[in-house]
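Sharing a sequence plus its predicted fold:
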Amino acid sequence: MKIIIQLIQLVFLCASYVVPRNKKLILYADNSLNSSIYLFRYASRLNDDYSHIYITPYEDVFLRLREDGFKVAKRWSIYGAYLSFRAKIYVISSSKGQINNPLSRHAYLVNLWHGISVKKIGLMTYRSKEKLLRKQEEFSAFVMVPSTSPLTQQCFMEAFGKSASETPILGEPRNDFLIENKFKRNTNFLNNYVNVEVDSYRKIIGYLPTWRDYGCWDDGIDYVQLNAQMSSNNDLLIIKPHPKDTAFNHLEEMSNIKLVKPKDGWQDAYEMLVGLDVLVTDYSSLAYEYILLERPVILYTPDYEKFSKGREFWIDYEEIAPANKIFTFAELQEELIKAINIPSPSVKYLASLDKLHTIRDGSSCKNIYSKIVEMI
């Protein structure tokens, strides 16, 4: 079947040089669920004269969207290849391969990216002239990479070799979902990820560390002791490792510590974020988006020296961090107590919010979609 689809793609690729693309057809895709699916659901509900279709390789994502009444297609299907050949607009959150790399020629690519990064991304990460030129050619296909503030615009201009007009400050689609839930702890989604009644706990803390390029690492946490701390106050700690991280594979669930096991398909970190009272993370972009909820963030960075040497930052970590970084388990225990008892944002936190988020009125989807229609 795969060989047949590849042959069909070759036919479509040849035809793409003479057959004009459909300007009323817009395709959306992510790898793990990201901003594209949020923009897709927004645009689909407008009931305008554009056709909006989500492309996915995952069966459960395909079935769930179809059950919810959305148009969806499987990436590696004949129908998916046909749509990739016909659509004028691809909306992605990383690379054109999320929809169809060979058939992306002559399509407009809107790259929503996947978060605000403190780490170097895109062209910033390549030292080899050959690789740099190859990536510059790949990124030249992006007609727009929306940013969230003048600071992130600067980052995207450098990372993707774009001008200010190509990185307009329009917001990030999934941030609308955070803003919508700013004044309430929405736990409706958490029960899909952990097998426990989350609302029976006083406070819910999420620990979502990022990926380490050097693989397995030790976070230095005494989980037995931490579970006792959680239990004494009837609090719950939910740990969601990065999908590639094996450092938590040995960890067993405890009475007040639950694990979200990484899997392909429907797993949306933002559905978890809106149900948390406190976020514990490190260098993850989630920290810089979670602040839209104005809830406490703890930056637990026990391997800061090692991480920063292996994965350089594009900006001074302290300049945009919403909290002071901590390094030890004892500090983590203290910060958890403070975050739960004194949840008000600090001056440093609010400064980070101002630097990173110009758009805070829930209009990101509207802004970006309007710009896409304008381009067509």
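Perfect, I can see it now. Since we're looking at a predicted model, the values are computed, not measured. Numbering: from 1, shown residues only.

Would you state the helices of the stretch 151-300 of the chain in chain order?
Listed in chain order, the helices of the stretch 151-300 of the chain (DSSP state H, counting those that start in this stretch) span 173-180, 223-232, 269-273, 286-290.

Out of those helices, which gets nearest to S95?
With distances scored as Cβ to Cβ, the stretch of the helices of the stretch 151-300 of the chain nearest to S95 is helix 173-180 (17.6 Å). Backbone N, C-alpha and C define where each C-beta goes, glycine included.

domains of this protein?
Domain ranges of the chain: 2-176+361-375, 184-356, per automatic domain parsing.

any chance of the ones you listed in TSV, plus mean pLDDT and mean neighbour count?
Shown next, in TSV, are those (pLDDT from 0 to 100; neighbours: other Cβ atoms under 10 Å):
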stretch	mean pLDDT	mean neighbour count
domain 2-176+361-375	91	18
domain 184-356	93	17
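
residue contacts, the nearest residue to K240 once chain neighbours are set aside?
Closest residue to K240 apart from its sequence neighbours, by Cβ to Cβ, 6 or more residues apart in numbering: V260 at 4.0 Å. Counting by Cβ atoms under 8 Å, 6 or more residues apart in numbering, V260 touches Y193, V194, I238, I239, K240, P241, Q267, M272.

For V260, what are phi and psi?
phi -100, psi 110 (degrees, to the nearest 10).

And the helices in the stretch 1-150 of the chain?
Under DSSP H, counting those that start in this stretch, the stretch 1-150 of the chain gives helices at 2-15, 35-44, 59-67, 78-86, 129-139, 150-160.

Same list (the ones you listed) but as JSON lines, adding distance to F183.
Putting the helices of the stretch 1-150 of the chain into JSON lines (distance: least, Cβ to Cβ, whole Å) gives the following:
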{"stretch": "helix 2-15", "distance to F183": "47"}
{"stretch": "helix 35-44", "distance to F183": "19"}
{"stretch": "helix 59-67", "distance to F183": "27"}
{"stretch": "helix 78-86", "distance to F183": "39"}
{"stretch": "helix 129-139", "distance to F183": "38"}
{"stretch": "helix 150-160", "distance to F183": "25"}
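
picking up where we left off before, quick one: which of the contacts of V260 is nearest V72?
Using Cβ to Cβ, Q267 comes nearest to V72 of the contacts of V260, at 16.9 Å.

Does the closest one touch N34 like I think?
No: counting by Cβ atoms under 8 Å, Q267 does not reach N34; the two are 11.0 Å apart.

Okay, and the beta partners of F142?
Beta bridges link F142 to L109 when assigned by DSSP bridges.

what sits against it?
L109, V110, N111, F160, K162, E166 are the contacts of F142 under Cβ under 8 Å, 6+ apart.

Same check on M272?
F189, L190, Y193, G206, L208, I238, K240, V260.

got it, and P302?
By Cβ under 8 Å, 6+ apart, the contact set of P302 is D218, D219, G220, F327, T328, F329.

tell me the SS of the residue nearest to the third one when sequence neighbours are not counted?
To tie it back to what came earlier, the one meant is G220. In space, and not counting its chain neighbours, G220 is closest to P302: 4.7 Å by Cβ to Cβ, 6+ apart. Following DSSP: H, G, I helix; E, B strand; the rest coil, P302 is assigned to coil.

I'd like the distance between P302 and M124.
For P302, the distance to M124 equals 25 Å [Cβ to Cβ, to the nearest Å].
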